[in-house]
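In: Need a 3D model of the following:
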Amino acid sequence: MAAPALDPSGSTVVEPGVRRADPARLARRLGLTGALLMAIGALGAGALPVPNPLNGLRLIGLPARNATLAIALTYAGMGMLVLAWLWIGRMLSARGAIPPAPDRFSLGRTGILWAIPLAMAPPMFSKDVYSYLAQSAITARGIDPYVFGPAQALGVDDPLTRTIPTIWRETPAPYGPLFLMAGRGITALTGNDVVFGVLAHRALALCGIALILWALPKLARRCGVEPGLALWLGVANPLVLFHLVSGIHNEALMIGLLLAGLHLALGGGGADRRMLGGARGADHRVGLDDPPDWPRVVAGTVLITLGASVKIPALLALGFVGMDLARRLGGGWRRVGGVAALLGVVVVAVYAAIGFGTGLGFGWINTQGTANTIRSWMSLSTDLGQLSAQLGILAGLGDHTDTTLTIARGIGGLAAALACGWLLWATLKGRVDPVTGVGVGLGAVVLLGPVVHPWYLLWAAIPLAATKGLPRYRRFALAASAVIAVVVPPTGADFNFRAFQLPLAIVAGIVMLLVALVWVRRDLRREQARDAAVTQLPS
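Out: Numbering: from 1, shown residues only. Model (predicted):
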């Protein structure tokens, strides 16, 4: 018998010719089971249109007839997928992304398998996609979407208006002209068909995710991070699967264009030789201190501006691109001014081309505060404003909630601006790499902003997945993503639960999850026993 060989990790012995089972196999199956349960539950518990096109169908309409069971299936699936993601993340963190941890291809296969059921199911967690459809239809009819909301432009009885949560029916579009131009094309293809319109918008979101899949590993290599680990934290994240794939938010397109632009503008896929060391830097990759490749810089600036033509926060990335370029050209305010002028010309040219080319102009600038009408419990500044107002009421000073909210949100905006200013200065001085600056800067904008939704956190989480964050940051990101992923009900807004319905569904979902975990633990013990038998074979 041939002598056993050491496993690449150096910790186990594996018989030559015997292939070790994929360590992520059981976790992948658990997550896939969860995704399938979510897809089935979405037929009754998803953010379904009004009227529900599944009503009356014999088999596929069954989940809609028992919403409690559908919600229970969805919550059980959410728990399985989140735990499976954490399980594989623990393998990567504990092993440092070396064997026997899953490799990049195994991780990619896992993420795709989990995404497929969610991409084929009705949307969950949010009804924003119905607002996209209505605003796209308004644009296609030649009405200004930055002046009129769906109720005024289409009428409250229009099938594209009826599913929109009541609070958003009167509000004009807060999205950039590029997104509405794409939506106008979708309307031309799908008309008033809500189902095909949702699928078309999901295809657009998947295009954005494809850009993330392309750019994130390149940025990770540039920052000296294992690409598989970056993809796992930044793309297979439950927040991405739940809110970009299933929820169909246009953050997918914004972040995809932003990351692709960063990759081009920052000089390619090379890593800083000082960061990676001589051995890693000897493969002819572009270093951070090499001269800028100006055609790539312009192309990257165009892509980032296109991302900001979906949602305006993407424009912050150009500040860090500019500071990094100025540093590489020698630093100093004169260089900063010259680079800012160049980037500014490109931005103005792109915005002018889109604004005049689409006929939408620049009305979107006046609608950026649309979302501020809600009071988001995840927003620190909003929470402080409401807390101050309640304290004032208790003290007998009267109800001044609007005033305290305005002051608290103003302080939050000022704090975010100061944080971004410091990060830009640190990037110019070479103390902060631009990818980290973009991630932390967008994180400050989100966390200190007036409105925070779970998918807003992806503005920061996805770029930061490519950076050399401290292990404690990665552990925090894993834990935070897991918790936040399950705080939003799968039904979206405007769903009226009976008093007993949601608690009963959650309890039933937990029971299903526990049964699944018992089953997985049994299979895990069986697999560990089989691996132990292989590693103890005599030489």
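
In: Test my guess that residue 400 contacts residue 390.
Out: No - Residue 400 is not in contact with residue 390 according to C-beta atoms under 8 Å; the separation is 10.4 Å. Just so you know, the C-beta spots here come from the backbone N, C-alpha and C atoms, and that holds for glycine as well.

In: Quick check: which element contains the nearest residue to residue 252 once chain neighbours are set aside?
Out: Once flanking residues are discounted, residue 252 sits nearest to residue 208: 3.5 Å by C-beta to C-beta, 6 or more residues apart in numbering. Using DSSP states H and E, residue 208 falls within helix 194-222.

In: buried set for that helix?
Out: 194, 197-202, 204-206, 208-209, 211-213, 215-222 (16 or more other C-beta atoms under 10 Å).

In: Helices of the stretch 1-150 of the chain, start to end?
Out: Along the stretch 1-150 of the chain, counting by DSSP state H, counting those that start in this stretch, helices occupy 25-45, 62-65, 67-95, 104-120, 128-140, 150-154.

In: Of those, give the one that comes closest to residue 182.
Out: Shortest distance between residue 182 and the helices of the stretch 1-150 of the chain, using C-beta to C-beta, is found for helix 128-140: 8.1 Å.

In: Show me the contact partners of the closest one.
Out: With C-beta atoms under 8 Å, 6 or more residues apart in numbering as the contact definition, helix 128-140 has outside contacts at 47, 49, 123, 144-145, 148, 150, 153-154, 158, 160-161, 163-164, 168, 173, 175, 179-181, 183-184, 186-188, 192, 194, 197-198, 201-202, 247-250, 360.

In: now that helix against helix 194-222, angle please.
Out: 110 degrees (axes from the mean of the first three to the mean of the last three C-alpha atoms, to 10 degrees).

In: what mean pLDDT does helix 128-140 have?
Out: Mean per-residue pLDDT for helix 128-140: 89.

In: residues contacting residue 231?
Out: Contacts of residue 231 (C-beta under 8 Å, 6+ apart): 104, 107-108, 111, 213, 216-217, 220, 465.

In: Not including adjacent chain positions, what is the nearest residue to residue 506?
Out: In space, residue 506 is closest to residue 75, 5.6 Å off (C-beta to C-beta, 6+ apart).

In: cool, and residue 433?
Out: Sequence neighbours aside, residue 223 is the residue nearest to residue 433 in space, at 6.3 Å (criterion: C-beta to C-beta, 6+ apart).

In: any idea how far that neighbour is from residue 257?
Out: 20 Å (C-beta to C-beta, to the nearest Å).

In: which one of those two has more residues nearby?
Out: residue 257 (28 against 22; other C-beta atoms under 10 Å).

In: So, low pLDDT: which residues of this protein?
Out: 1-23, 56, 93-102, 268-290, 369-376, 469-474, 493-500, 527-539 (pLDDT under 70).

In: Need the single longest helix in it, by residues.
Out: In the chain, taking DSSP state H as the definition, the longest helix is helix 501-535.

In: For that one, name the packing helices and strands.
Out: Applying 3 or more C-beta pairs under 8 Å, 6 or more residues apart in numbering; DSSP states H and E, one finds that helix 501-535 contacts strand 13-14, helix 25-45, helix 67-95.

In: okay, these in TSV with mean neighbour count and distance to residue 355 next?
Out: Converted to TSV, these look like this (neighbours: other C-beta atoms under 10 Å; distance: least, C-beta to C-beta, whole Å):
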stretch	mean neighbour count	distance to residue 355
strand 13-14	17	61
helix 25-45	23	37
helix 67-95	22	41
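
In: Can you say which of these is nearest to residue 457?
Out: Using C-beta to C-beta, the helices and strands packed on helix 501-535 put helix 67-95 closest to residue 457, at 15.0 Å.

In: Which neighbouring elements make contact with the closest one?
Out: For helix 67-95, the elements it packs on are helix 25-45, helix 62-65, helix 104-120, helix 227-234, helix 238-240, helix 471-485, helix 501-535, judged by 3+ C-beta pairs under 8 Å, 6+ apart.

In: got those helices as a markdown table, with distance to residue 299 columns?
Out: Listed next are those as a markdown table, based on distance: least, C-beta to C-beta, whole Å:
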| stretch | distance to residue 299 |
| --- | --- |
| helix 25-45 | 36 |
| helix 62-65 | 46 |
| helix 104-120 | 26 |
| helix 227-234 | 22 |
| helix 238-240 | 26 |
| helix 471-485 | 30 |
| helix 501-535 | 47 |
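
In: okay, those helices, which one's buried deepest?
Out: helix 238-240 (a mean of 25; mean count of other C-beta atoms under 10 Å).

In: In contact with residue 72, which residues are there?
Out: 41, 504-506, 508-509, 512.

In: Quickly note the distance from it to residue 337.
Out: 60 Å.

In: Residue 424 now?
Out: In terms of C-beta to C-beta, residue 424 sits 14 Å off from residue 337.

In: which of these two has more neighbours?
Out: It is residue 424, of residue 424 and residue 337, that has more neighbours when counted by other C-beta under 10 Å, with 21 against 12.

In: Check which residues of the host helix or strand of that one are buried.
Out: For residue 424, the host element (DSSP H and E) is helix 401-428. Neighbour counts over helix 401-428 (16+ other C-beta under 10 Å) mark 401, 404-405, 408-409, 412, 416, 419-420, 423-424, 426-428 as buried.

In: so how far is that helix off the chain centroid?
Out: 23 Å (C-alpha atoms, centre = their mean, to the nearest Å).

In: Likewise for stretch 243-256?
Out: With C-alpha atoms, centre = their mean, you get 6 Å for stretch 243-256.

In: Quick check: residue 47 touching residue 489?
Out: No - shown here, residue 47 and residue 489 do not form a contact pair, counting by C-beta under 8 Å, at 9.4 Å.
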